[in-house]
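Participant: 3D model of this:
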Amino acid sequence: MGAGLRALPKSARKVKAEPKHFLWVTGLRPEKASRYRELHTSPWPGVLRMLKECHVEKFTIFEKAIESKIYLFAYVEYTGDDFGADMARIATDPETQRWWAETDPCQEPLPDAQAQGRIWSETTEIFRLPVSTEKPAE
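Facilitator: Numbering: from 1, shown residues only. Sure thing, here's the model as predicted:
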């Protein structure tokens, strides 16, 4: 820790916000799966920069085949104060729009998302391992 931070009272130190967690799911068109994977081996720097500017701290996409269908699961940790505004900012970014023009045709929305004109379906968190500062009992 730098000397300047040590000099500040604890109440004046900036505390990193506890992230909000999101998980979304969508389908992946088998005929476009290779293209989707290829795109994600080298995501565009401007898209990554916009995510970081909009307080997306972690973003991971997982793939799973279930009964001959391929699904994508996107996990996001968000540390900002206004998720809706930050997502709207991302959606208006020209480079992100070009990225989505490449990735969206690869995805196959689930019926609930498709009915809303969306790609990704929201999920509901039902459990998260609590963060504890206590040491486990020996």
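Participant: how would you label the most centrally placed residue in the chain: helix, strand or coil?
Facilitator: Taking C-alpha atoms, centre = their mean, the centroid of the chain lies closest to residue 76, which sits 2.9 Å from it. Applying DSSP: H, G, I helix; E, B strand; the rest coil to residue 76 yields a three-state assignment of strand.
Participant: contacts only, for it.
Facilitator: By C-beta atoms under 8 Å, 6 or more residues apart in numbering, the residues touching residue 76 are 21, 22, 23, 24, 56, 58, 59. In short, each C-beta sits where N, CA and C put it, glycine included.
Participant: who does it form a beta bridge with?
Facilitator: Following DSSP bridges, residue 76 is listed with bridge partners residue 22, residue 59.
Participant: any idea how far residue 125 is from it?
Facilitator: Here residue 76 is placed at a distance of 12 Å from residue 125 (C-beta to C-beta, to the nearest Å).
Participant: and if you look at residue 61?
Facilitator: Computed as C-beta to C-beta, the residue 61 to residue 125 distance reads 18 Å.
Participant: between these two, which is the more surrounded one?
Facilitator: Shown here are residue 61 and residue 125; by other C-beta atoms under 10 Å, residue 61 has more neighbours (16 against 9).
Participant: packing partners for the one helix or strand residue 89 maps to?
Facilitator: Using DSSP states H and E, residue 89 sits in helix 83-92. If contacts are counted by 3 or more C-beta pairs under 8 Å, 6 or more residues apart in numbering; DSSP states H and E, helix 83-92 sits against helix 45-53.
Participant: same for the helix it packs on, what does it pack against?
Facilitator: When contacts are defined as 3+ C-beta pairs under 8 Å, 6+ apart, helix 45-53 packs onto helix 83-92, helix 94-103.
Participant: good, we can wrap up now.
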